[in-house]
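From the sequence below, what's the structure:
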Amino acid sequence: MKLFHRFYDLWLRIIGNREEFPLEFRIYHAVLVITALALSYNIWFKYHIGSTEGSILAFTFLFINIYLLYISRINRQLGGNVLLFSIAGNCLVISHFFISSGINGPTLIYSATHVLLVIAISPARRQRLLVIVNFLVVAVLLFFQFQYPRLFVSYYQNQADRYIDTGSGYFFVTAIIYFTIRYTRKNYAFEKISAEENARSIIEHQEFILNQNIELANLNERFEYVTKATFDAIWDWDITKNELYWGKGYETIFGYPAESGEVSQNFSLWQNRVHHNDAERVIATLSTAMENPERQFWQEQYQYLKADGSYAYVMDRGYMIRDADHKAIRIVGALQDITSLKAQEIKILEQNKRLQQIADINSHELRKPVATILGLIQLIEPGEIKDELHRQLFEYIKLTTLDLDAVIKKVADSTNESAG
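Next comes the predicted model:
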């Protein structure tokens, strides 16, 4: 069993494995190896029966066979190599016909085998031409022997050598045909199974892609509905390509029509629409957030130019997508128009400012007489009041004034806190 595995490993190393060579190359290499074995036998046999010329011829074509195998593995070009094999085979048939008794030897058997091998390894477009050439070669040889029979003298020493030569030729040819066809059919069957598996894999992959496309279409549809339903302008900035995509809300909120190319644009166009008072601050905070590998979110408020030339106060939020090196490659965000909220905020601030002014005035005006009363009370000594009723009234006025002062102070502090 180990010997078989070693032989099989040697076979694969010579003809090439599936990872190295396509099936056509492996079949061609197998044909060259099998032919080389047959030629090796003929070197010994021709010499044994006294045909030195036949032995030299077999050795010559064995060398050519080995060379064709070598250049096929090195150059990996099948077409030209197969053509050389066909030419060499026809030359071998012609030479062998003249030195092996012509039609009385096994040459025609070798020629028929050569045709089969050429058909097995040559491209379909060349098979017909190569077969016709072989037919012509054999026809010319037969005609030549028919016209000049005296040129073809038997080199066999006895009848037994002729039978052995013809018989061994038949057996070798049969073995070559058997192994070639068996190897070809076996590998074609394997290639067919592999092709079917690849086809199934491709179909499954196509179905997966189709399902992914359907899911992506559903996601895109949901995204479109979300962008229509929300009051935000959804944006997606591909940093690597410097492409900025805006959702439908961008047109609805800011008035830039989609047909003018505003849906997909570069980042600089957005940057140019940020109010000049805010641009430096906004770009600086965005750059800082992008450069910080720990940051995922960015948020800013600024004024943004609308299509009608007015500016809207916006709240801009972005989520950063980073690669394996934590470099920001994409930001997905939403731009919200907060102009009305900003107007309410300004209105509230102005109201608070007026309340602060009122509180300051009231506090100053009210505390002034209270402070006067408290000053007068400090001038009066309680012991100087002889009448008990007057003393009690004096204490009551003093406590009431202090309570009034505390209330005024509390109102002022509450106003300051609200305004702040």
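
Could you break the chain into its assigned domains?
2-201, 231-337, 344-419 (automatic domain parsing).

Next one: residue 212 from residue 335, what distance?
With distances taken as CB to CB, to the nearest Å, residue 212 is found 30 Å from residue 335. Any C-beta I mention is one placed from the backbone N, CA and C, and that applies to glycine too.

hmm, I was thinking of residue 25
Remark: distance between residue 25 and residue 335 (CB to CB) = 61 Å.

Neighbour count for these two, which is higher?
For residue 25 versus residue 335, the count of surrounding residues by other CB atoms under 10 Å is larger for residue 335: 22 against 19.

May I ask you to confirm that that one belongs to a helix?
No. Counting by DSSP: H, G, I helix; E, B strand; the rest coil, residue 335 is not part of a helix but strand.

looking at the domains of the chain, which has the lowest confidence?
Out of these, domain 344-419 stands lowest, with a mean of 67 (criterion: mean pLDDT).

Give me the spatial nearest neighbour of residue 314, chain neighbours excluded.
In space, and not counting its chain neighbours, residue 314 is closest to residue 304: 4.7 Å by CB to CB, 6 or more residues apart in numbering.

follow-up on the earlier one: to residue 208, which of the domains of the chain lies closest?
The closest of the domains of the chain to residue 208 is domain 2-201. By CB to CB, the value is 10.3 Å.

what ranges do the strands span in the stretch 51-200 of the chain?
Counting by DSSP state E, counting those that start in this stretch, one finds no strands in the stretch 51-200 of the chain.

Ramachandran coordinates for the nearest residue to residue 187 once chain neighbours are set aside?
Of all residues not flanking residue 187 in the chain, residue 23 sits nearest, at 5.5 Å (CB to CB, 6+ apart). Dihedral angles of residue 23 (phi, psi; degrees, to the nearest 10) stand at phi -60, psi -40.

burial measure for residue 121, as a count.
23.

That one contacts residue 28, doesn't it?
Yes. Using CB atoms under 8 Å as the test, residue 121 is close enough to residue 28 to be in contact (4.4 Å).

Need the overlap of contacts for the two.
Contact with both residue 121 and residue 28 is made by residues 82, 85, according to CB atoms under 8 Å, 6 or more residues apart in numbering.

that older thread, out of the domains of the chain, which comes closest to residue 207?
Using CB to CB as the measure, domain 2-201 is the one of the domains of the chain that comes nearest residue 207, at 10.4 Å.

Have a look at the chain and report its longest strand.
Counting residues, the longest strand in the chain under DSSP state E turns out to be strand 311-322.

partners of that one in the sheet?
Strand pairing for strand 311-322, using DSSP bridges, gives strand 297-305 (antiparallel), strand 328-337 (antiparallel).

Need the residues that contact it.
Contacts to strand 311-322, defined as CB under 8 Å, 6+ apart, come from residues 237, 253-254, 275, 282, 286, 289-290, 293, 295-306, 328-339, 341-342.

C-alpha coordinates for that strand, PDB please?
Output in PDB follows, covering the C-alpha atoms of strand 311-322 (Å, rounded to 0.1, in the frame of the first residue of the first chain):
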ATOM      1  CA  TYR A 311     -30.200  81.600   8.100                       C
ATOM      2  CA  ALA A 312     -31.700  78.900  10.300                       C
ATOM      3  CA  TYR A 313     -30.500  78.000  13.700                       C
ATOM      4  CA  VAL A 314     -29.700  74.300  13.700                       C
ATOM      5  CA  MET A 315     -28.700  71.500  16.000                       C
ATOM      6  CA  ASP A 316     -26.300  69.200  14.300                       C
ATOM      7  CA  ARG A 317     -25.500  65.700  15.700                       C
ATOM      8  CA  GLY A 318     -23.200  63.100  14.200                       C
ATOM      9  CA  TYR A 319     -22.200  59.500  15.000                       C
ATOM     10  CA  MET A 320     -18.700  58.500  13.800                       C
ATOM     11  CA  ILE A 321     -17.800  55.200  12.200                       C
ATOM     12  CA  ARG A 322     -14.200  54.200  12.600                       C
END
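
now that strand, how far from the chain's geometric center?
With CA atoms, centre = their mean, to the nearest Å as the basis, strand 311-322 stands 30 Å off its chain's centre.

Buried residues in stretch 89-103, which are they?
89-90, 92-102 (16 or more other CB atoms under 10 Å).

Return the closest of these with respect to residue 13.
Among the buried residues of stretch 89-103, residue 89 lies closest to residue 13 (CB to CB), at 25.1 Å.

Quick one: residues contacting the closest one.
114, 117-118.

measure it to residue 110 for me?
According to CB to CB, residue 89 and residue 110 sit 9 Å apart.

same question, residue 120
As judged by CB to CB, residue 120 and residue 110 stand 15 Å apart.

Looking at those two now, which is surrounded by more residues?
Taking other CB under 10 Å, residue 120 and residue 110 do not tie; residue 110 has more neighbours (22 against 18).

so the more buried one touches residue 94, yeah?
No. The pair residue 110 and residue 94 does not pass the contact test of CB under 8 Å, sitting 11.1 Å apart.

For this structure, which segments are assigned as helices?
2-15, 23-48, 52-75, 78-99, 107-121, 124-147, 159-229, 248-254, 267-273, 276-291, 339-379, 388-419 (DSSP state H).
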